[in-house]
Structures are given as C-alpha cells and as structure tokens.
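1. No letters, just coordinates:
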C-alpha cells in the first residue's frame, strides 16, 4: 500500500521477480511527497526539493538520462550584512578559490576544514569514526568549525535540506548528504520532481496501481478498503509514512512520528534576481526566509518564456496572516526594489514535509524495513529521510519477501 517512492521501488523489484503486485494509493497520483503541479504555465514542486544525482541506488533504478537533470552550480550565495557573499566548491570551481577563501563567512581555517571534510567524504575509510549519537551541530563543533561558520553557512544550507536550523539531525545523515554533494550535484528534473515517481510507475503494468483507493484496515494476507472491499494477498507491504503505518499496524511502544514543516512560496518575476543556477541562503540567523532559488535559472522549463520562477522556503509553519508580505519585505533587503514586481503565485504550508532524523537513526542503524506481525513496513522513516532512503527501503522490503535469484 502506498505509491510513494518506497512502494514503487518495492513493486518494481517484486514485478521483476515475476510476482503479481497491486499498489493501493489513497491520493489521485503516485509520488507521495514528490508532487509537481502546473499553475499559470509554471511547474510548482510541492516545497523546494532537489535530486542528488550521486544517489547510488537511485542511479541503478532510474533512467537518469531521460529525467533530463538540470544542475545547480556547486556553491551558494550567503546573505550577510546587506550583501550576498559567494562561497563555491573550489574543487569544481577553482577560479573562485581565492575569493571564496576571503569571503566574510567563517574563517580561512573553516574553508580549509570544508576541503578536508570533502576529501575524507570521498574516501570514507580514511575518515575518523564518529559516534552515531552525535547531532550534526555536535559533529561540526568536534570537527573544529567556528561558531560563525556553523551559524552563517551550515545552519542555512542544511536548514534547507533537513528543514531545521538547530542542526539536531543525526550526524550520520549529515555525513551521507555531504558525501553525495561531494560526489555529484544537486539537480532538478527538467519536467519537475514528480517526473521521478512517474518514471517508476511507468515500469509497472497498467493494472498494478489503483489510485483514490484508501485503506482502512490491514491484516496479514488481507487488506480492507474504505469502500468495504476486502483484498487477499500472499504478502502485504505498508509503504507509507510512520503515522499512517502506526494507525494501520500499531506496534507496542512505537513512538509517534515527529515531523518537520515548511512553507514554500512561489513568485513570478520579470527576471531572476540571481541570474544563475545557484541557491541563496540567509546567513544572518534572523528573519523568516531560509533560502531562495530562481528555479527557472536551473531548469528553464519550470517557467513560461519571459518569466522567472522564484522559490522561497520558510522553515516551520509561522502563524503570520501576512506572511507573503513579510517575506517580500525581507527579500527587498536582499534584492532591492525589483521584489515589488514579483507576483505571488502560491504558498504551500506543508505540515508533514520531512520526518525527524535524530541521532541513532539512519541507514547504518536499520535493515531498511520492518516486520510487524506478518506485515512488512517500508518507507524513508525506516532508513533515511531522502529519495535514496525511500528507494532503499522499498527494495530491501521486496528482497525480504522474495530474495533476488530465489
């Protein structure tokens, strides 16, 4: 049940092994939290998301070439003191080595530590072993980064990834994502993030997915639909978020899932305020905005000809009646009066945007799926809250039912 990435990956693996599969999806489309809608000629992903093209399992499962991935520049613009300061990956943009070193974000030692950490991430066996019980903030402090570098860069950059600026996320998840950034690039599919689950769904038989089909009860070998229909199966797999999973297949002592929230605002503009495929971060530690991106600079197909699509992320769910106006006022300090020409398209208040990822939870701490009284459970809450984590969980769940080459 569930036609998100984990459910799709599980179904594909089982189908390839000759098993008959049926995915039951309560909504009107596949993809789970990956959703793209066309509004006024713009492609709007549900919340600002990226695909890291170095994900190993994703590269095996997906037809990367047909996704037509468009890459961000490896670096960021950090807003501090009324200016945008450029920090680039000097290994890939050596021409920016000197300017990056002397940007007023962190110290020169911090920049050297980033380089050291990048090299260690590429050869993980040479990296010092770190306790899985550390938060990202503790890991960065132990690594030797200054408070300024942590506050002005890491909180904003990883705030956009983890959807929290406290850096309480597991250091294991930080090291994993840092390695993926070092090995590859952040990208967007040319036709929106939903192109990823749509491609997976196209690999299944047409009758293998039933949309608008909510489930009310689950037992080993039996699923009851909201319509009252009972379906029988040799195996039942729940591939949805932890909250719904716990309702359908409760487990004694299971803690309620905690979620991170975000508001994603989209604006139409006559031109991009950035003029390049790069992300802009709030390095000041104050204000509502965490990050800004001119999505159409990365993937021009996201916007109609002659317009730019601006994405703004505000962490949490601030209760501001005039949030759009306050965000616009804040960004006027970043980009000047051109902000007044922006037209608000839509704001998405996403309460359940990303599961919490506390220390001790991650790919190394889990087989990737769970078994509850004869029912298999999978999803990114069983591994890591990422596209890669969801795919890994679905594939391992399938392999637990029908081992490869069995």
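-> Structure received. In this text the structure is predicted, and so the values were computed from the model without any measurement.
2. In three-state terms, label residue 168 for me.
-> Put simply, residue 168 is coil when judged by DSSP: H, G, I helix; E, B strand; the rest coil.
3. was I right about it contacting residue 136?
-> Yes. In this structure, residue 168 is within contact of residue 136 by CB atoms under 8 Å, at 7.3 Å. Yep, even glycine has a C-beta here, placed from its N, CA and C like the rest.
4. Could you list the residues in contact with stretch 324-344?
-> The contact list for stretch 324-344 (CB atoms under 8 Å, 6 or more residues apart in numbering) reads 79, 82, 84, 265-271, 273, 280, 287-289, 292, 310, 312, 314, 320, 347.
5. So which of those are in strands?
-> Among the contacts of stretch 324-344, the members falling in strands (DSSP state E) are 79, 84, 265-269, 280, 289, 292, 310, 312, 314, 347.
6. Same list, those residues, but as a markdown table with neighbour count, pLDDT and distance to residue 304 please.
-> Below are those laid out as a markdown table (neighbours: other CB atoms under 10 Å; pLDDT from 0 to 100; distance: CB to CB, whole Å):
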| residue | neighbour count | pLDDT | distance to residue 304 |
| --- | --- | --- | --- |
| 79 | 24 | 97 | 28 |
| 84 | 18 | 96 | 27 |
| 265 | 25 | 97 | 19 |
| 266 | 24 | 98 | 13 |
| 267 | 25 | 98 | 14 |
| 268 | 20 | 98 | 9 |
| 269 | 19 | 98 | 12 |
| 280 | 22 | 97 | 23 |
| 289 | 23 | 97 | 25 |
| 292 | 27 | 98 | 20 |
| 310 | 27 | 98 | 14 |
| 312 | 24 | 98 | 19 |
| 314 | 23 | 97 | 25 |
| 347 | 15 | 96 | 20 |
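7. Go through the residues you listed and say which is closest to residue 35.
-> residue 266 (13.4 Å; CB to CB).
8. was I right about that closest one contacting residue 313?
-> No. Using CB under 8 Å, residue 266 is not in contact with residue 313; the gap is 10.7 Å.
9. Quick check: mean pLDDT of the helix or strand hosting residue 57?
-> Assigned by DSSP states H and E, residue 57 falls within helix 56-61. Per-residue pLDDT over helix 56-61 has a mean of 96.
10. repeat for stretch 318-330
-> 92.
11. all strands of the stretch 251-400 of the chain, in order?
-> Applying DSSP state E, counting those that start in this stretch to the stretch 251-400 of the chain gives strands spanning 259-269, 279-282, 289-294, 308-315, 343-355, 370-372, 375-378.
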